[in-house]
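Peer 1: Build the 3D model from these lines:
(one chain, ligands or ions: 2)
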Amino acid sequence: MPSSYADLYRRSLEDPKGFWADAAGAVHWDKPWEKVLDDSNPPFYRWFVGAECNTCYNALDRHVAGGRADQLALIYDSPITGTLRKYTYRELRDTVATFAGVLKDRGVGKGDRVIIYMPMIPEAAIAMLATARLGAIHSVVFGGFAARELAIRIEDAAPKAIVSASCGLEPGRVVAYKPLLDQAIEISSHKPDGCIILQREMEPAMLTESRDVDWEKAMASAHPADCMPVAATDPLYILYTSGTTGQPKGIVRDNGGHMVALHWSMKNIYGVNPGETYWTASDVGWVVGHSYIVYAPLLHGNTTILFEGKPVGTPDAGVFWRVIAEHDVKVLFTAPTAFRAIKQQDPNGDLVRNYDLSSLRHLFLAGERADPDTIRWAEQQLNVPVIDHWWQTETGWSICANPIGVERLPVKPGSPTVPMPGWDLQVLNDNQKEASQGEIGALVVKLPMPPSSLPNLWNAKQRFLDAYMSDYPGYYKTGDAGFIDEDGYVYVMTRTDDVINVAGHRLSTGGMEEVLADHPDVAECAVIGVADDMKGQVPLGFLVLNAGTARSADDVISEVVSMVRERIGPVAAFKSAVVVKRLPKTRSGKILRGTMQKIADDQDWSMPATIDDPAILDEIAMALHSAGYAKES
Ligand code: COA
Ligand code: AMP
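Peer 2: Ligands and ions are numbered 1, 2, ... in the order given. Have a look, this model is predicted:
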């Protein structure tokens with residue numbers, strides 16, 4: 001293993017096949033590969049072609065057989081319900097095998113899809129691993145999405161079974177999942193053969209006869225199922241993520257490459273050893289939760305924590321410190337917004353002092369840009385290095401990070417540090433030429449990308465080509481813009497598309513616009529992301545009402561706010577809109593969202609040369625000012 005980052009990175013680009021074949025030695029293969037990388041059909045690259053493996057076997061059975069049977073695999077810590085439950089590797093393996101038996105009894109086999117719509121309870125991870133055990137494909141849907149979003153995913157993934165729970169818990173309210181599930185199945189033209197519902201005592205659900213079974217009852221009569229080897233290139237999961245329209249993209253993750261990259265990352269990026277406790281405070285509904293609550297820690301033989309709570313309010317801003325101290329956490333990984341929420345409630349870190357945090361070695365942040373203020377506050381309070389790293393649902397692990405297990409590079413606040421092995425990251429300008437040092441351009445990755453990166457989109461090959469591969473031939477377009485400095489440090493500044501990042505959640509403004517446009521009194525609309533002290537960004541709508549409408553602006557605004565919550569879900573955090581007479585557009589009719597955002601955020605902006613009618617921007621600035629934005633206008 002090279003001892004410096006530079007050597008490691010160089011080798012990964014000069015000899016990717018050798019590099020990843022070495023890393024693959026850490027994983028159990030039922031059948032070895034014939035080719036490490038099949039690059040015969042660009043831009044469709046496949047890793048470990050010909051190999052067979054099972055991800056659940058590698059995450060659980062391998063450790064049970066290898067001496068970790070009695071080590072804790074998963075700790076469920078739920079301050080919101082006051083529950084603490086622990087599973088050893090043997091207990092988790094046995095429970096997962098039994099639940100795989102439940103799925104098998106309901107006809108689920110290799111290649112079938114299983115949708116998992118669950119709150120942050122261990123059964124969510126158990127259902128994921130059980131699906132993987134059978135060689136089936138899971139698709140987890142985040143609990144904060146509404147029935148219509150769930151329906152879109154059911155329609156696209158066509159699952160044989162859906163696994164859900166009667167309810168989830170948000171501070172101060174119970175979220176009844178079952179009515180949302182029923183509504184989603186009704187909307188979707190695809191119907192699952194059956195649903196398995198975990199009843200939670202806070203709000204049990206009425207089961208639908210002949211379609212639903214109770215989790216506990218089904219477990220009581222099921223027989224454990226064995227691991228089914230699949231091709232390394234077979235999908236492990238589909239995870240839907242926001243694109244530029246209301247139709248989400250079904251990111252496909254394969255089995256073999258995913259295991260290899262994730263296993264490699266645990267020691268080399270996060271610096272943890274097998275047996276240590278690793279905690280990602282996120283949700284299994286996001287990629288961060290897939291990779292670093294469930295798969296990577298278990299593949300690597302760590303103890304993972306599944307936390308059902310919030311950084312604040314469950315019960316207070318000291319809960320993260322309580323969990324670290326109580327479970328001997330070595331590494332915490334979360335989104336910057338969680339730290340902004342904690343800092344807002346406990347600016348002097350008084351609660352930090354109540355706990356012994358000596359176990360903690362590093363804090364990792366991702367999901368959105370980590371602002372230097374938050375990084376510095378976290379460093380001062382926790383007295384550990386704070387590492388920003390950058391990645392996407394599409395990649396499954398970090399494109400840029402600080403590889404502390406190899407060599408800890410100096411931290412530069414504002415930068416997620418440097419590209420990880422296999423990521424040939426470049427900045428291209430509008431002319432598709434390499435940008436000069438420090439110049440902002442599109443962040444792109446020269447193909448092929450390393451293992452774990454998406455091989456395709458589910459059922460949408462042409463969209464895969466159009467969205468990622470066409471604008472810069474030979475490169476993957478990340479959709480982010482940024483620059484690289486004189487030391488090779490990467491800075492990720494903004495998205496280049498209509499995706500915004502709200503509290504670390506990726507959302508499509510295009511999807512919200514589709515909802516607003518459906519309101520009968522709305523003639524035209526636009527949604528932008530505006531800066532927010534806690535959530536990083538929040539959506540803001542602009543509405544042009546139909547001429548002659550008798551409805552008041554306030555009524556229409558409150559109706560569109562309800563519509564977005566109803567159709568996309570509370571997670572969209574769409575709470576504000578302004579009514580304007582016209583939208584600013586270019587002469588070719590493109591709405592000038594970027595300029596509107598700069599005005600709202602009081603950033604410097606210049607009059608776009610292509611604007612149709614410059615006077616409209618004054619009207620927009622005034623409307624924003626009256627609504628409490630654009631304070632300096
Ligand atoms: N099920 C149902 N509703 C959910 C939900 C879920 N799983 N997750 C969030 N929601 C709801 C919230 O209750 C809230 O509803 P409200 O409008 O009625 O208040 C809404 O969706 C917005 O949620 P969120 O943006 O998370 O804001 P919040 O005010 O509830 O919490 C933070 C703010 C900072 C505490 C929270 O966003 C957080 O913990 N962020 C960490 C970021 C993270 O985990 N990112 C994942 C990628 S790493
Ligand atoms: P998601 O697919 O939900 O993980 O969101 C991915 C997007 O979040 C990226 O394309 C970035 O826009 C943003 N993002 C994630 N991590 C970072 C980071 N460390 N710095 C800046 N932006 C980030």
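Peer 1: Next, the buried residues of stretch 54-74.
Peer 2: 54-64, 68, 71-74 (16 or more other C-beta atoms under 10 Å). (Each C-beta comes from the backbone N, C-alpha and C, glycine too.)
Peer 1: what's in contact with it?
Peer 2: Contacting residues not belonging to stretch 54-74 are listed as 27-28, 30, 86-93, 96, 100, 122, 125, 129-130, 132-133, 135, 227-230, 236, 255, 258-259, 274-275, 277, 294-295, 298-299, 301, 303-306 [C-beta atoms under 8 Å, 6 or more residues apart in numbering].
Peer 1: on that earlier part again, among the buried residues of stretch 54-74, which pair sits farthest apart?
Peer 2: Spatially, the most separated pair among the buried residues of stretch 54-74 is N54 and L72, at 22.4 Å (C-beta to C-beta).
Peer 1: gap between A366 and A401?
Peer 2: Per C-beta to C-beta, to the nearest Å, A366 is found 9 Å from A401.
Peer 1: likewise A97?
Peer 2: Counting by C-beta to C-beta, the gap from A97 to A401 is 34 Å.
Peer 1: More neighbours: which of those two?
Peer 2: In this view A97 and A401 are compared by other C-beta atoms under 10 Å, and A401 has more residues nearby, 26 against 22.
Peer 1: for the protein, what are the low-confidence residue spans?
Peer 2: Scanning the chain for pLDDT under 70 picks out the ranges 1-2, 633.
Peer 1: and it, which residues reach ligand 1?
Peer 2: Listed as neighbours of ligand 1 in the chain under the rule C-beta under 6 Å from any ligand atom: 143-144, 168, 170, 175, 282-283, 286, 288, 310-312, 335, 337-338, 341, 367, 502-505, 535, 570-571, 573.
Peer 1: Make a PyMOL selection of whichever of those turn out to be buried.
Peer 2: Entered in PyMOL, the line below selects the buried ones among the residues of the chain next to ligand 1, by 16+ other C-beta under 10 Å:
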select buried, resi 143+144+168+175+282+283+286+288+310+311+312+335+337+338+341+367+502+503+504+505+535+570+571+573
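Peer 1: near ligand 2, which of the residues of the chain next to ligand 1 show up?
Peer 2: 286, 367.
Peer 1: Out of the residues of the chain next to ligand 1, which sit inside helices?
Peer 2: Among the residues of the chain next to ligand 1, the residues falling in helices (DSSP state H) are 288, 337-338, 341.
Peer 1: need the residues you listed in TSV with distance to Q597, can you?
Peer 2: Output for these, formatted as TSV (distance: C-beta to C-beta, whole Å):
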residue	distance to Q597
V288	26
T337	19
A338	24
A341	23
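Peer 1: and I568, what is it in contact with?
Peer 2: Counting by C-beta under 8 Å, 6+ apart, I568 makes contact with 145-146, 148-149, 507, 511-512, 515, 574.
Peer 1: closest to ligand 1 among the residues you listed?
Peer 2: Closest approach to ligand 1 among those (C-beta to the nearest ligand atom): F145, at 8.1 Å.
Peer 1: phi, psi of that closest one?
Peer 2: phi -90, psi 150 (degrees, to the nearest 10).
Peer 1: do you know how far the nearest residue to it once chain neighbours are set aside is from T244?
Peer 2: In this structure, F145 finds its nearest non-sequential neighbour in G569, 4.1 Å apart by C-beta to C-beta, 6 or more residues apart in numbering. Here the criterion is C-beta to C-beta. By it, G569 lies 19 Å from T244.
Peer 1: the more surrounded of those two?
Peer 2: Ranked by neighbour count (other C-beta under 10 Å), G569 and T244 place G569 first, with 22 against 16.
Peer 1: ok, that one - contacts?
Peer 2: By C-beta under 8 Å, 6+ apart, G569 lies in contact with 144-146, 149.
Peer 1: if we can go back for a sec, need the overlap of contacts for A366 and A401.
Peer 2: 389-390, 416.
Peer 1: If burial is judged by neighbour count, which of those residues pass?
Peer 2: Buried among the shared contacts of A366 and A401 by 16+ other C-beta under 10 Å: 389-390, 416.
Peer 1: out of these, which touch ligand 2?
Peer 2: Subset of the buried ones among the shared contacts of A366 and A401 in contact with ligand 2: 389-390, 416, counting by C-beta under 6 Å from any ligand atom.
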